[in-house]
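In: What would the 3D arrangement of this be:
(one chain, ligands or ions: 2)
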Amino acid sequence: MAEESLVPVTERKRNTMQTLTLEQETNPWEAQAARFDEAATRLKLDAGIWKVLRYPSREIIVHIPVSMDDGSIEVFTGYRVQHSVARGPAKGGIRYAPDVSLDEVRALASWMTWKCAVVNIPFGGAKGGVICDPKKMSQGELERMTRRYTASLIEFIGPEKDVPAPDMNTNEQTMAWIMDTYSMHMGQTVTSVVTGKPVNIGGSRGRREATGRGVSIVCDQALKYLNMTPESTTVIVQGFGNVGSNSAKLLWDKGYKVIGIGEYDGALFNPNGIDISELLEYRARHGVIHGFPGADAADKDDLLTRKCDVLIPAATENVITSKNADRIKARILCEGANGPTTTVADEILADKGVFVIPDILANAGGVTTSYFEWVQDRMGYFWTEDEVNQRLERIMIDSFDDVLQYAVKHEVNNRIAAYMLAIDRVAYTTKQRGIYA
Ligand SMILES: NC(=O)C1=CN([C@@H]2O[C@H](COP(=O)(O)OP(=O)(O)OC[C@H]3O[C@@H](n4cnc5c(N)ncnc54)[C@H](O)[C@@H]3O)[C@@H](O)[C@H]2O)C=CC1
Ligand SMILES: O=C(O)CCC(=O)C(=O)O
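Out: Ligands and ions are numbered 1, 2, ... in the order given. Alright, predicted model coming up:
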């Protein structure tokens, strides 16, 4: 991580943006830091607090030996970055992917701090990642890798320290293995060490759908704000995993017309709308979305720039960049994924008047329901799905309003408003605790 100037300002960003290579533009850590600097500048953040909040507080790198099914031994590299514990235990998912990098995990950890602060839940931010290709690994290999990764992190995680959750290519089963491994080391079952677990072992009702539900709630709020109605609103979703499929299904249930779905190996388009229940059944039967009879095949890269009212990138980072931002035709960009838009693309979208619901607000439904799971585990009393969803809805609506109020008050776009709101809250707690002293 380069030791850049600690007092960069918007000017610096605007000047350098013109000359960034695509590699620099798509570095998630740089993207996070640029937004942080802009928001901190506008907040006139104290220089000391600036330094505290700009960098992660702890970065753990582990090398994980795993016996593979063919008898060989493989060593995987894993990370856990804890950006902040000022407002509570560090919180954030774990992803498995071949292109995981420390800069990516750093950025994702920082985004977790800001996200938890935007929705005002008592957590800091963390993220984990392991460089591996889960598509090429058996369940046994994934289980052994997960358990060993957990064992390597045993002193750093825990219900009061750092609480992992699912992210790309990890799921309820992964969380069950982590919970079990941690519990074996503690000599007792500790359900609240992770969230996103199966419901029968301490998971929360509603967590599986929660990120998509949050996305659908902020879309509803944006429509109200812009005087639009679900029935006359077309939607394109990129990514049909946990976040994308649940966003698409819930929006479709609410009457939105979902006209496009993109996956990494192909896309679907139907101007009259795609029946998402049927698509989910098709995917469950065939394992893929292509070949679905209710829509035409489409080019996955073109999908993002097709005309629609709401575009929901829900796959991965850096899909909207200087290369395609000027061709985006959506009225609303609702970021289901973390970091789908680069800082250069932000400026292009702002010039085009796109209403952006930034990731640290739009996809915060997942961690909010993770918070509910942690609370329920600790009291040993579980809420109904309706109770969970009602509480989630209240928080998402209030947070949407808070961000918009900041945007109006400080005359900034929604993303910088969300950062300002979050940094304000974390800085306040940091000063109050005096942990920088
Ligand atoms: N799972 C959760 O609760 C939360 C996830 N997120 C973020 O949402 C995004 C997606 O996460 P999940 O849905 O959990 O992961 P997932 O692994 O369940 O689904 C990701 C989907 O995107 C597809 N995909 C990957 N690259 C793609 C590309 N370039 N184009 C089109 N499709 C592509 C994959 O095939 C997969 O179906 C990530 O950015 C993650 O960090 C954010 C908040 C919470
Ligand atoms: O549920 C959680 O704790 C975190 C989910 C996550 O990784 C995210 O919001 O990016």
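
In: Just checking: what are the partner strands of the helix or strand Ile259 falls within?
Out: Per DSSP states H and E: Ile259 is located in strand 257-263. Sheet pairing of strand 257-263 (DSSP bridges) gives strand 234-238 (parallel), strand 266-269 (antiparallel).

In: Can it be said to contact ligand 1?
Out: Yes: using CB under 6 Å from any ligand atom, strand 257-263 reaches ligand 1 at 262-263. Placement of C-beta: from N, CA and C, glycine included.

In: so how far is that strand off the chain centroid?
Out: From the chain centre to the centre of strand 257-263 is a distance of 20 Å (CA atoms, centre = their mean, to the nearest Å).

In: hmm, who's touching it?
Out: 231, 233-240, 244, 248, 251-252, 267-274, 276, 279, 288-290, 295, 298, 300, 303-304, 306, 308, 315 (CB atoms under 8 Å, 6 or more residues apart in numbering).

In: Just these: which are in helices?
Out: 244, 248, 251-252, 276, 279, 300, 303 (DSSP state H).

In: So which of those would count as near ligand 1 as well?
Out: Answer for the ones in helices among the contacts of strand 257-263 near ligand 1 (CB under 6 Å from any ligand atom): 244, 300.

In: Tell me the one among the ones in helices among the contacts of strand 257-263 nearest to ligand 2.
Out: Ligand 2 has its nearest neighbour among the ones in helices among the contacts of strand 257-263 in Gly244, at 13.8 Å by CB to the nearest ligand atom.

In: Run a quick neighbour tally on the closest one.
Out: Burial of Gly244 is recorded as 24 neighbouring residues (other CB atoms under 10 Å).

In: got the contact list for it?
Out: Counted by CB under 8 Å, 6+ apart, Gly244 has contacts 212, 237-238, 261, 312, 314-315, 336.

In: circling back to that earlier point, let's have the ones in helices among the contacts of strand 257-263 in a markdown table, adding pLDDT and distance to Asp401.
Out: Listed next are those as a markdown table, based on pLDDT from 0 to 100; distance: CB to CB, whole Å:
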| residue | pLDDT | distance to Asp401 |
| --- | --- | --- |
| Gly244 | 98 | 26 |
| Ala248 | 98 | 25 |
| Leu251 | 98 | 20 |
| Trp252 | 98 | 25 |
| Ile276 | 98 | 28 |
| Leu279 | 98 | 33 |
| Lys300 | 94 | 35 |
| Leu303 | 97 | 31 |
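
In: Which of the ones in helices among the contacts of strand 257-263 ranks first by neighbour count?
Out: Result: Ala248 is most packed of the ones in helices among the contacts of strand 257-263 (other CB under 10 Å), 29 neighbours.

In: Mind giving me the packing neighbours of the helix or strand hosting Arg285?
Out: Following DSSP H and E, the helix or strand that holds Arg285 is helix 276-286. In terms of contacts (3 or more CB pairs under 8 Å, 6 or more residues apart in numbering; DSSP states H and E), helix 276-286 is packed against helix 242-253.

In: roughly how far out does the helix it packs on sit from the chain middle?
Out: 15 Å.

In: give me the residue from the stretch 201-350 of the chain nearest ligand 1.
Out: The nearest approach of the stretch 201-350 of the chain to ligand 1 comes at Gly241, 1.7 Å away (CB to the nearest ligand atom).

In: so who does that residue touch?
Out: Per CB under 8 Å, 6+ apart, neighbours of Gly241: 168, 314-315.

In: Nearest to Ala222 among those residues?
Out: Each of the contacts of Gly241 was scored against Ala222 by CB to CB, and Ala314 proved nearest at 15.8 Å.

In: Verify the stated contact: that closest one with Gly336.
Out: Yes: counting by CB atoms under 8 Å, Ala314 does reach Gly336; the two are 3.2 Å apart.

In: which SSE is the residue nearest to Asn242 when sequence neighbours are not counted in?
Out: Of all residues beyond its chain neighbours, the one nearest Asn242 is Thr211 (6.6 Å), with distances taken as CB to CB, 6 or more residues apart in numbering. Element membership for Thr211, per DSSP H and E: helix 207-225.

In: Return the most buried member of the strands paired with strand 257-263.
Out: strand 234-238 (a mean of 27; mean count of other CB atoms under 10 Å).

In: Give me the contacts around it.
Out: The set of residues external to strand 234-238 that reach it, using CB under 8 Å, 6+ apart, is 219, 244, 247-248, 251, 256-262, 300, 303-304, 306-315, 319, 330, 336-337.

In: ok, what's across the strand from Gln82?
Out: Arg58, Ala126.

In: can you pull the buried residues of stretch 100-115?
Out: Neighbour-count burial for stretch 100-115 flags 100-102, 104-115 (criterion: 16 or more other CB atoms under 10 Å).

In: among the residues you listed, which are in strands?
Out: Applying DSSP state E to the buried residues of stretch 100-115, no entry is found in strands.

In: Let's see which of these end up in helices.
Out: Per DSSP H, the subset of these in helices is 102, 104-115.

In: So which of the residues you listed reach ligand 2?
Out: Okay, of those touching ligand 2 (CB under 6 Å from any ligand atom), that's Lys115.

In: which among the ones in helices among the buried residues of stretch 100-115 gets closest to Ala362?
Out: Lys115 (9.6 Å).

In: Give me the domain ranges for the protein.
Out: Split into domains by automatic domain parsing, the chain comes to 56-187, 209-362.

In: Can you say which of those domains is nearest to Glu411?
Out: Going by CB to CB, the one of those nearest Glu411 is domain 209-362, 12.3 Å.

In: For that closest one, measure first residue to last.
Out: Domain 209-362 has an end-to-end distance of 14 Å (CA to CA, to the nearest Å).

In: that older thread, of the buried residues of stretch 100-115, just say which sits nearest to Glu141.
Out: Proximity of the buried residues of stretch 100-115 to Glu141 (CB to CB) peaks at Val100, which lies at 16.7 Å.

In: dump the residue contacts of that closest one.
Out: 79, 129-131.

In: Could you single out the nearest of these to ligand 2?
Out: Closest to ligand 2, out of all of those and judged by CB to the nearest ligand atom, is Gly129, at 10.5 Å.

In: What is the neighbour count of the residue in the stretch 201-350 of the chain positioned nearest to ligand 2?
Out: With CB to the nearest ligand atom, the shortest gap between the stretch 201-350 of the chain and ligand 2 falls at Asn338, namely 5.2 Å. The tally of other residues near Asn338 (other CB under 10 Å) stands at 27.

In: Strands of the protein, residue ranges please.
Out: Using DSSP E, the strands found in the chain span residues 58-67, 73-84, 90-97, 125-131, 162-166, 234-238, 257-263, 266-269, 296-298, 310-313, 332-334, 355-357.
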